[in-house]
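Any chance you can model this:
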Amino acid sequence: MRPTPRSTEEGHVAAASDDAIPVSSPPTQLAGGGRPGARTAPWRYAIGMFGTSVPINMIKGSILLFYVDILGLDVRAYGIVMAIYAVIDAIDNPVLGYLSDRTRSRFGRRRPWLLLGAPLLGASMIALFSPPSGLEGLALVLWFAVFAITCELFDSMLNANYGALLPELFPAEERRAVANALRQGFQLIAMIVSLAITPVLTTSVFGSEESTGGFTTTAVLYALLAVTVITFMALGVRENPRHSTRQRPRFLRGMGQILSNPSFWAVGLTGACYSIALAIALSGIQLYVRYTLGLPVAYSFFLQAAVILIAAGGLALWSRMITRIGALRTWRIAFVVLTASFVAMFFATGLLSAVAAGIVMGMGWSGMMATNDLVVARVLDADAARTGEHREGLFLSAFGVFGRLNGAVTGLALASLGVFFGYNSGADPGSRPDLAFRVYLCAYPFALTLIGAIASRFITVPAPQTGVDTAPGCPPRDGA
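Predicted structure coming up:
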């Protein structure tokens, strides 16, 4: 294999637009369902994000209302199950990524898992929202626990394999940025469905606010939609046959190498500052509108719509910036914009000023979506160049563990409102719930993103690939 020239400048973008992989083996020996030099269209890969996002968004957005408010599941039981859920989620991610990396089949490494995981997630989601009538007590807890955890398991299976395809299918940063921007756009569309359409379908079109039938029907429709979209995506991707080498990664050795990689910790923890801040903000918008702005919760729709629509529209602008100055510099700028948005939100006094701050937040969020995965992918490129092993599944799953910090930190932030402001619940909101949620939605995320913005200035990642082969040896570092 000839060495691949690499750029040492952050802003340099490959002149060659061809991501084809020269293959010397005959076509009959190729894995991944492709032919020599076959390329995957960025939109074909990206649409899979819609299929993977709709089910999990419905689950996360409706499970509390469905089980606790309608079916009467005890909140303590709910909390215990979700704690177990989080632990399993953190453990199974690296294991599933490892198994994916070791898979060898005529259909490739990732596609078999995608084609298997899609119907299993769909079936588990339908079961989760279809408990037998009259189920209560321990039986209800067990039903909830089994299918909440299986939904999490199959969602992890899908995302470990889907995410691992990005650096493999698009080794050149320019096309990788296009594919990532498109998939983030599809994710935003899925979020619009989950935030706006799901409550209407479950409580008005197919059911009522007191019944469960609407949830079951909606789950069936979303499951069919997800399976169709994921299958369409999986059948259209062309995995790189050179990544399916005879040598299979070893779990303990691979995890040891990943955990000893300084870039893994630097990029992972800095990215967690963004993801945790966003999780806190999204979870607190409705109560911020109610208590801080003093408006009906329904008005949160306008604030959420502003953030999501601006985030969707901004992806094209951020992608263009990436092609001009590179992913790392753009990532740093996006961090600053997102940090500034929380300052603006803190000083908002009404809906209009909050929406204006939300526009800034949407731009910052859009920039982070457009760049964060690209920075992570650079770390994966360097690992493959250094070790000669393509273990994107294990590496991305290990990165995913940082994302599991969201629930724990969000819970801690919420609990702190009781200590500092006396807010314990809607029935016991304390004397200053307005300030409590101004701090929750604005001050905590500001502190996190400020740390991330500062840390990003000291992070270096490998320069973007100017070709498609992975050359042995350590790539040059890019600290621009």
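
Identify the residues contacting residue 278.
Each residue near residue 278 by C-beta atoms under 8 Å, 6 or more residues apart in numbering is listed here: 365, 368, 445. Using the backbone N, CA and C atoms, a C-beta is placed for each residue, glycine as well.

so which strand or helix has it?
Element membership of residue 278, judged by DSSP states H and E, is helix 262-287.

do residue 376 as well
helix 351-387.

for that helix, which positions count as buried?
351, 354-386 (16 or more other C-beta atoms under 10 Å).

which helices and strands does it pack with?
helix 137-169, helix 173-192, helix 251-259, helix 262-287, helix 300-325, helix 327-346, helix 392-403, strand 461-462 (3 or more C-beta pairs under 8 Å, 6 or more residues apart in numbering; DSSP states H and E).

So which of those is nearest residue 221?
Proximity to residue 221 (C-beta to C-beta) singles out helix 173-192 among the helices and strands packed on helix 351-387, at 13.8 Å.

Which positions in the next helix-or-strand element following that closest one come out as buried?
Counting by DSSP H and E, the next helix or strand C-terminal to helix 173-192 is helix 198-200. For helix 198-200, a neighbour-count test (16+ other C-beta under 10 Å) marks 198-199 as buried.

List the contacts of helix 198-200.
57-58, 61-62, 218.

how about 6 Å then?
residue 58 (C-beta atoms under 6 Å, 6 or more residues apart in numbering).

so what secondary structure elements neighbour the helix or strand that it is followed by?
Later in the chain than helix 198-200, the nearest helix or strand by DSSP H and E is helix 213-236. Packing partners of helix 213-236 (3 or more C-beta pairs under 6 Å, 6 or more residues apart in numbering; DSSP states H and E): helix 48-64, helix 111-128.

any idea how far residue 194 is from residue 120?
Distance, residue 194 to residue 120, using C-beta to C-beta, to the nearest Å: 20 Å.

The two - which one has more neighbours?
More crowded of residue 194 and residue 120, by other C-beta atoms under 10 Å: residue 194, with 21 against 17.

Touching, that one and residue 57? I think so.
Yes - counting by C-beta atoms under 6 Å, residue 194 does reach residue 57; the two are 3.4 Å apart.

re earlier: compare the helices and strands packed on helix 351-387 and give me the one nearest residue 435.
helix 327-346 (10.5 Å).

which helices and strands sit right next to the closest one?
Going by 3+ C-beta pairs under 6 Å, 6+ apart, helix 327-346 lies up against helix 351-387, helix 444-456.

what's the angle from the first one to helix 137-169?
Taking axes from the mean of the first three to the mean of the last three C-alpha atoms, to 10 degrees, helix 351-387 and helix 137-169 form an angle of 60 degrees between their directions.

Now helix 351-387: average pLDDT?
In this model, helix 351-387 carries a mean pLDDT of 87.

Find out how far the helix holding residue 376 is from the centre of the chain, if you would.
11 Å (C-alpha atoms, centre = their mean, to the nearest Å).

starting at the chain centroid, how far to the helix holding residue 278?
11 Å.

In it, which residues are buried?
Buried-residue list, helix 262-287, by 16+ other C-beta under 10 Å: 263-264, 266-268, 270-287.

give me the number of residues near residue 336?
A count of nearby residues for residue 336, using other C-beta under 10 Å, gives 18.

again, but for residue 158
Count around residue 158 with other C-beta under 10 Å applied: 25.

That one contacts residue 53, correct?
No - between residue 158 and residue 53 there is no contact under C-beta under 6 Å: 10.1 Å.

orientation of the helix holding residue 278 relative to helix 327-346 in degrees?
Going by the same axes, to 10 degrees, helix 262-287 makes 30 degrees with helix 327-346.

so for helix 262-287, what's the average pLDDT?
For helix 262-287, mean pLDDT rounds to 84.

Taking helix 173-192 as reference, get the angle to that helix.
Between helix 262-287 and helix 173-192, the angle comes out at 30 degrees (the same axes, to 10 degrees).

Compute the inter-axis angle for helix 262-287 and helix 444-456.
160 degrees.

can I assume residue 89 is in contact with residue 152?
Yes - Residue 89 is in contact with residue 152 according to C-beta under 6 Å; the separation is 5.3 Å.

First-to-last residue distance for stretch 289-309?
19 Å (C-alpha to C-alpha, to the nearest Å).

roughly how far is that stretch from the heart of the chain?
For stretch 289-309, the distance to the chain centre is 23 Å (C-alpha atoms, centre = their mean).

ok, now stretch 168-178?
The answer for stretch 168-178 is 18 Å, by C-alpha atoms, centre = their mean.

now do the same end-to-end measure for it.
End-to-end distance (C-alpha to C-alpha), stretch 168-178: 14 Å.

quick one: average pLDDT of that stretch?
pLDDT averaged over stretch 168-178 gives 81.

Just list the residues touching the spatially closest residue to residue 313 that is not a sequence neighbour, thanks.
Counting by C-beta to C-beta, 6 or more residues apart in numbering, residue 313 lies nearest to residue 366, which is 7.7 Å off, once chain neighbours are set aside. Going by C-beta under 6 Å, 6+ apart, residue 366 touches 311, 314-315, 318.
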